[in-house]
Every structure is written in structure tokens, then in C-alpha cells.
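S.K.: got a predicted structure here, sequence first:
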Amino acid sequence: MARHRPRRVSAPQADGGPAGESLVAAVRDIATEAGALTLRWFGRRDLGVTWKRDGTEVTEADRAAERLVRDRIAELFPDDAIFGEEEGGSIRPDGRTWIVDPIDGTRGFVRGVPLYATLVALVDPHGPLVGVIDLPVLGQTLAAGRGSGCWLDDHRCSVSDHPDLSGALVNTSDYNTFEPIQFEALRSRGAMMRTWGDAYGYFLVATGQAEAMIDPVCETWDLAPMPVILAEAGGAFTDVAGRLEYRNRNGVATNGVLHPAVLDAMGAGHGGDRGK
């Protein structure tokens with residue numbers, strides 16, 4: 001799919017209705033432009049890395065990509081708020097907010113791993129309206145809008161129909177964030193555990209290549225695109241307590257049919273209350 005600078009479009013009111021093709025296209029184009037910018041730094045041995053107060057890595061590429069997204073939003077949607085990993089901001093409760101993770105998987109990006117993503121979500125008072133996962137090195141973009149379907153480039157995509165945990169491919173970013181009893185609950189039911197994590201894990205679920213993605217510890221900008229992407233692909237997204245919420249610093253995505261079983265396994269480490 002050609003990557004080009006987005007055009008200004010009129011935006012629908014935040015009434016809980018569908019996103020509309022033009023709005024989805026605008027969000028997708030902003031994300032892919034930012035993702036393409038990160039390629040200037042990918043694989044460079046002289047890439048400068050600094051450490052943030054929370055102990056995570058940040059690079060010039062992270063900052064440049066988020067700045068590009070902010071500039072485009074200011075041009076096209078000047079009345080919308082912005083909340084980004086690198087420059088901060090806040091989520092507007094009574095309007096629209098863009099939530100940006102310029103490089104999801106900076107640690108892998110720094111080491112030349114090609115599975116990082118640029119994440120952009122647009123949320124309104126009714127929840128996520130548009131979500132985009134752009135995989136710059138792979139040249140693939142997953143975009144979804146409320147009521148508009150989930151699309152991998154120009155092809156509509158959907159979750160798998162695998163019916164049970166036995167033989168299901170379950171992804172996570174880091175096994176160290178699991179309690180042993182949770183991991184054993186999944187393994188003992190036949191799940192195939194893999195560490196294809198971060199946004200790429202959600203990408204695999206939404207496109208039917210995996211059955212579940214579990215993020216016991218993450219941030220709002222890591223998760224904001226996922227509810228609408230999974231819903232439009234026919235799957236399910238909640239926090240580990242089963243709530244449809246992307247701001248609780250954890251997330252579970254599945255093909256839908258396996259969601260109760262995965263939540264039950266995650267609840268094994270919390271006396272059955274799934275982290276409440």
C-alpha cells in the first residue's frame with residue numbers, strides 16, 4: 001500500500017457512531033507516515049539511546065515519530081487532544097483524543113528486531129474509535145474503525161475460529177510478568193505459549209494467526225488501538241479482570257471464543273477474582 005501524506009478531512013461528531021472510511025484512512029496515513037520515518041534509524045549502530053525515569057529506553061526515532069504525528073494532528077484535527085508516550089498530554093473525557101506510541105517495542109528496535117510497531121488510536125467519550133498498528137519493517141498496516149471493519153492493508157481480516165485452549169497459540173511480551181500459577185494454568189490446558197509480544201502479538205490475533213495475546217503489565221498507549229481492532233476483527237479485548245478497559249495497564253486479546261478460558265487462567269493467580 002502506498003504511503004503518503006494524509007489530507008485534511010471532516011470529522012464526525014463523537015456520538016458513538018461509526019468512524020467513517022475517511023477518518024480511518026486519515027489515522028492510518030498518519031501512522032504509516034510516522035512508521036516510515038522510524039526506518040531512517042532502524043538498524044543503525046550509532047543510534048543514540050537514553051533512559052527515561054521509568055527505566056525504559058528512548059531514541060531520537062521515538063521522539064521524531066511522535067513529533068510528526070503531533071504535527072499532522074495539529075494540521076488536520078486542531079481541536080483534538082493528544083496523549084503520547086514521549087511528550088505526554090491527557091485524555092479528554094468530553095472530546096476526542098489521539099493516543100500515540102511512536103515505537104512500540106523500542107528495546108527490540110534498538111537491537112534491530114523488525115517486529116516493532118507504530119501505534120495510533122483515536123478515542124472519544126464512547127471509547128476507541130479508530131486503531132492502527134503499523135509494522136514499518138514488515139510493510140504491513142492493520143487499521144480498524146468503529147463499525148468499519150478491520151483491514152490488513154487492503155484486505156479485510158478476522159480472528160481465527162480455534163475453539164479451545166488445547167493447541168491455541170497464546171502470545172505474551174514477557175513471561176516474567178506472569179505468576180507461576182497463571183502460566184501453569186495455560187500450559188496445562190494445552191496452550192502453545194510464545195513470546196511474539198508487544199503490538200505484534202495483538203496483530204497476530206486480529207489477523208487469525210494466533211488465538212490470544214496477554215499483557216499483564218503495559219501502558220495506556222500500548223493498548224489504546226486494541227479494543228476497536230479486536231472488536232472489528234470479531235475477537236475480544238478486555239483487561240485481565242474482564243473489563244472493557246484499555247487504561248488499566250494490562251490487556252487480554254483473544255479470538256472471542258477463548259476469552260473466558262484465558263481470563264479464567266489469568267484469574268488463577270488472584271484467588272479467582274482476576275485481579276480486581
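M.R.: Now that the structure is in, tell me what you want to look at. Fair warning: this is a prediction, and the values are worked out from it, not measured in the lab. Numbers count the residues shown, from 1 in each chain.
S.K.: what about residue 32, neighbour count?
M.R.: 25 (other CB atoms under 10 Å). (Glycine included, C-beta is placed from N, CA and C.)
S.K.: and it, what element?
M.R.: helix 21-38 (DSSP states H and E).
S.K.: partners of the helix or strand just after that helix in the sheet?
M.R.: Next in sequence after helix 21-38, counting helices and strands by DSSP H and E, comes strand 49-51. As defined by DSSP bridges, the strand partners of strand 49-51 come to strand 57-59 (antiparallel).
S.K.: isn't residue 105 up against residue 196?
M.R.: No - if you go by CB atoms under 8 Å, residue 105 and residue 196 don't touch, sitting 10.9 Å apart.
S.K.: which neighbours do the two share?
M.R.: residue 115 (CB atoms under 8 Å, 6 or more residues apart in numbering).
S.K.: more neighbours: the two, which one.
M.R.: Shown here are residue 105 and residue 196; by other CB under 10 Å, residue 105 has more neighbours (23 against 18).
S.K.: skipping its backbone neighbours, what lies nearest that one in space?
M.R.: Closest residue to residue 105 apart from its sequence neighbours, by CB to CB, 6 or more residues apart in numbering: residue 116 at 3.7 Å.
S.K.: how much space between the one you found and residue 147?
M.R.: 29 Å (CB to CB, to the nearest Å).
S.K.: and for residue 37?
M.R.: From residue 37 to residue 147 the distance is 30 Å (CB to CB).
S.K.: ok, the two, which is more surrounded?
M.R.: Between residue 37 and residue 147, counted using other CB under 10 Å, the more crowded position is residue 37 (18 against 15).
S.K.: check contacts around the more buried one.
M.R.: Taking CB under 8 Å, 6+ apart as the test, what residue 37 contacts is 61, 64, 65, 68.
S.K.: hmm, 10 Å instead?
M.R.: 61, 64, 65, 67, 68, 69, 102, 118, 136 (CB atoms under 10 Å, 6 or more residues apart in numbering).
S.K.: give me the neighbour count for the first one.
M.R.: Meaning residue 61. Residue 61 has 25 neighbours, counted by other CB under 10 Å.
S.K.: just say helix, strand or coil for residue 66.
M.R.: helix (DSSP: H, G, I helix; E, B strand; the rest coil).
S.K.: neighbours around residue 108, how many?
M.R.: Residue 108, neighbours per other CB under 10 Å, totals 17.
S.K.: ok, residue 48 next?
M.R.: So residue 48, with other CB under 10 Å, has 11 neighbours.
S.K.: residue 198 versus the nearest residue to it once chain neighbours are set aside, what's the distance?
M.R.: In space, and not counting its chain neighbours, residue 48 is closest to residue 60: 5.8 Å by CB to CB, 6+ apart. For residue 60, the distance to residue 198 equals 20 Å [CB to CB].
S.K.: now do residue 95
M.R.: Residue 95 is 29 Å from residue 198, by CB to CB.
S.K.: more crowded one of those two?
M.R.: residue 198 (29 against 13).
S.K.: quick one, what contacts the more buried one?
M.R.: 101, 103-108, 113, 115-117, 119, 133, 171-174, 213, 215, 218, 222.
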